[in-house]
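Peer 1: got a sequence here, can you model it:
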Amino acid sequence: MNRRTALAGSIAAAVALLASACTGSGGSATGADAEAPDDPSQVKGSITVLTHRTDLVQDGTMKKYAAEFNKTYPGVTVKFEGLTDYEGEVKIRMNTENYGDVLMIPAVIEKKDYPKFFASLGTRKERSAEYRFTDYSTVDGKVYGQSPIGVVPGFVYNKKVWARAGVTDWPTTPGEFLDALKAVKAKTGAVPYYTNFKDMWPLTQWTNVNGSVSCDTKATTKLAEGDPWAEGADLRVGDTLLYDIVRGGLAEKDPTTTNWEASKPRLAKGEIATMWLGSWAVVQMRDAAKQAGADPADIGFMPFPAQKNGVFCAVASPDYQQAVNVNSDNKQAARAWIDWFTDKSGYAEANLALSPLKDAPLPDILTPYQEAGVKLLDLDDSKGAEVKSIDNSSEVGIFKPDYRQELVDLARGARKGSLDGHLAGLGERWAEARDALGS
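Peer 2: Residues are numbered from 1 along each chain as shown. This next block holds a predicted model:
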């Protein structure tokens, strides 16, 4: 199961279509609130929860969550719809009012349009005191979504393979990281780095270097106001490392034949050494190790090879944010599900993920980060809506795989041009879009 399904079609066109759809009956609900219930026993109704976690729907895990939920909210019936192409299917359904009672906010929806589609969960002031990630779904001081888990970027790697290559300390610079991959290539039979090029969506994970390189909580603001590929900028550092990995023959021989599902047991067994993903992937790799008869303890997780004042940094960011359909007839029941699933379900712990609750302990998966003093950052996302608008208008797609596929093709000689020229072109398109939007 991938973390997110790649978006289909034109993002800009889809946003315009969805926004225009709200001028009908859905638009009349703009500004509605989904109030938290005072008495669980009085909350009644049937709700449908749309989810991308088809695996948890199919194996009965979501039904178990619903059963636990009903111990507190016995008057609410919870139904689930697991959607394989979540983004594509929900994008179509949101042209109507029928897009479930609870859903994960699709990436196609621009933040400024959240009040047209979703009911408010409360003010940023009240929610930010208890929860992480409130900035990511705040519009005009109100919060419209809440992620049940947080994720932290990093390299998932096979510790046994790296040790066999003679590398036991985390690289602190891109150069050291490249040297480590070269050692893996020279001393082991493993593929040093695996791009997952064909499945496309894993390449979008590279955008999560933003903030982790500079250790700057204002990294998103810099994207909105400057050139993401300026010399020394976070995305340039990340994209350059990806280019250098492929250019140096340190990735799979033919990126067009990669396979995400097959890559998990291959990394677990030591056939692949390293992949840039996120903390969410570690549990999947460890499960793959168990199924393959390998040792789950061989799966490690390391931060991006860059330090600020001798300290590694990693950005904590939300996964999909759950929201209440503004058109739902059972908003209070839908709100009850979101609150319970976030606070009480144990979903974050089950996925070894970062809890959105500020007072929750770090998951075991991040113990190495904690022991190494890795600084976890919560980015200021007040300019996040502007970044999305610039990205959509420029058609660069920093949250889509296309431009990094182009980067990989450039590095392996499948397309003409230079790295500097490619990144400069992206910067020019970004600047033109920003200027046109008046950002």
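
Peer 1: quick one: the strands in the stretch 101-250 of the chain?
Peer 2: Ranges of strands in the stretch 101-250 of the chain, per DSSP state E, counting those that start in this stretch, are 102-104, 118-119, 122-123, 138-139, 142-143, 150-151, 155-158.

Peer 1: need the ones you listed in a markdown table (columns: distance to residue 164, mean pLDDT and mean neighbour count).
Peer 2: Every C-beta, even on glycine, is put in place using the N, C-alpha and C of the backbone. As requested, the strands of the stretch 101-250 of the chain are arranged in a markdown table below (distance: least, Cβ to Cβ, whole Å; pLDDT from 0 to 100; neighbours: other Cβ atoms under 10 Å):
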| stretch | distance to residue 164 | mean pLDDT | mean neighbour count |
| --- | --- | --- | --- |
| strand 102-104 | 40 | 97 | 27 |
| strand 118-119 | 50 | 97 | 28 |
| strand 122-123 | 52 | 96 | 16 |
| strand 138-139 | 47 | 94 | 21 |
| strand 142-143 | 48 | 96 | 23 |
| strand 150-151 | 29 | 92 | 24 |
| strand 155-158 | 9 | 98 | 25 |
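
Peer 1: show me where pLDDT drops low in this protein?
Peer 2: Counting by pLDDT under 70, the ranges of the chain that qualify are 1-31, 439.

Peer 1: if we can go back for a sec, residue 344: which of the strands of the stretch 101-250 of the chain is closest?
Peer 2: Of all the strands of the stretch 101-250 of the chain, it is strand 102-104 that lies closest to residue 344, at 15.3 Å by Cβ to Cβ.

Peer 1: ok, residues contacting the closest one?
Peer 2: Where contact means Cβ atoms under 8 Å, 6 or more residues apart in numbering, the residues beyond strand 102-104 that reach it are 47-52, 86, 90, 320-325, 334, 337-338.

Peer 1: now find how far off-centre it is within its chain.
Peer 2: Distance of strand 102-104 from its chain centroid, counting by Cα atoms, centre = their mean, to the nearest Å, is 16 Å.

Peer 1: burial check on residue 380, number of neighbours?
Peer 2: Using other Cβ atoms under 10 Å as the criterion, residue 380 is surrounded by 15 other residues.

Peer 1: so it touches residue 224, yeah?
Peer 2: No: here residue 380 lies out of contact with residue 224, judged by Cβ atoms under 8 Å, at a distance of 10.8 Å.

Peer 1: so who does the residue nearest the centre of the chain touch?
Peer 2: If you average the C-alpha coordinates of the chain and look for the closest C-alpha using Cα atoms, centre = their mean, you land on residue 319, 4.9 Å from that point. Residue 319 is in contact with 3, 147-151, 280, 353, counting by Cβ under 8 Å, 6+ apart.

Peer 1: how close does residue 64 sit to residue 379?
Peer 2: In this structure, residue 64 and residue 379 are 34 Å apart, going by Cβ to Cβ, to the nearest Å.

Peer 1: coming back round to it: got the contacts of residue 319 as CSV, with distance to residue 345 columns?
Peer 2: Compiled in CSV, the contacts of residue 319 are given as follows (distance: Cβ to Cβ, whole Å):
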residue, distance to residue 345
3, 19
147, 13
148, 7
149, 10
150, 15
151, 17
280, 16
353, 12
